[in-house]
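Trainee: Got a sequence here, can you model it:
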Amino acid sequence: MYEISFIITYCDYDKLPKKQTTEIPDIEGEMTIVRDCTGTYLRHNNLDYQVCNKKLLKKFNIDEMVIVSIKKLKTCYEEIGEICLLEHENEGWVKVLSVKK
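Mentor: Below you'll find the predicted structure:
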């Protein structure tokens, strides 16, 4: 004969550690907006970072200086846009966390 036993546990979800929802920026500071047919970039210390969520920068002009915090990404899942034969050397994808003039 087999015996089946159940263990019932209680978990107080309010006491579990909360998952951090605020992203920590990798880079913060004054940056220049750069655009060409390959995409939108932020230039910081003479290095260009390709912006994944470029809609946040749409209201700013090319060569405009802005104060930005960005998070580095491994890939970008937003729509890339048109195909361009130009190559723009960059340090990889970033996500804009905040931007102001």
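Trainee: Which phi and psi values does K54 adopt?
Mentor: In terms of degrees, to the nearest 10, the main-chain angles of K54 are phi -70, psi -10.
Trainee: how about the nearest residue to it, chain neighbours excluded?
Mentor: Among residues not flanking K54 along the chain, T40 sits closest, at 3.9 Å (CB to CB, 6 or more residues apart in numbering). The way it works is simple: take the backbone N, C-alpha and C, and place the C-beta from them, glycine included.
Trainee: which ones are touching the one you found?
Mentor: I33, V34, Q50, V51, K54, L57 (CB atoms under 8 Å, 6 or more residues apart in numbering).
Trainee: Compute the number of surrounding residues for the first one.
Mentor: Right, I33. 20 (other CB atoms under 10 Å).
Trainee: Just confirm it contacts D63, I think it does.
Mentor: Yes - using CB atoms under 8 Å, I33 is in contact with D63, at 6.8 Å.
Trainee: Any buried residues in the strand ranked longest in the chain, and which?
Mentor: Determined from DSSP state E, the single longest strand within the chain is strand 27-36. Residues of strand 27-36 classed as buried: I27, M31, T32, I33, V34, R35 (neighbour count, 16 or more other CB atoms under 10 Å).
Trainee: taking the mean pLDDT, what do you get for that strand?
Mentor: Mean per-residue pLDDT for strand 27-36: 97.
Trainee: what lines up beside it in the sheet?
Mentor: strand 39-44 (antiparallel), strand 65-72 (antiparallel) (DSSP bridges).
Trainee: Give me whichever of the ones you listed is most buried.
Mentor: Most buried of those by mean neighbour count (mean count of other CB atoms under 10 Å) is strand 39-44; its value is a mean of 21.
Trainee: Thanks a lot, catch you later.
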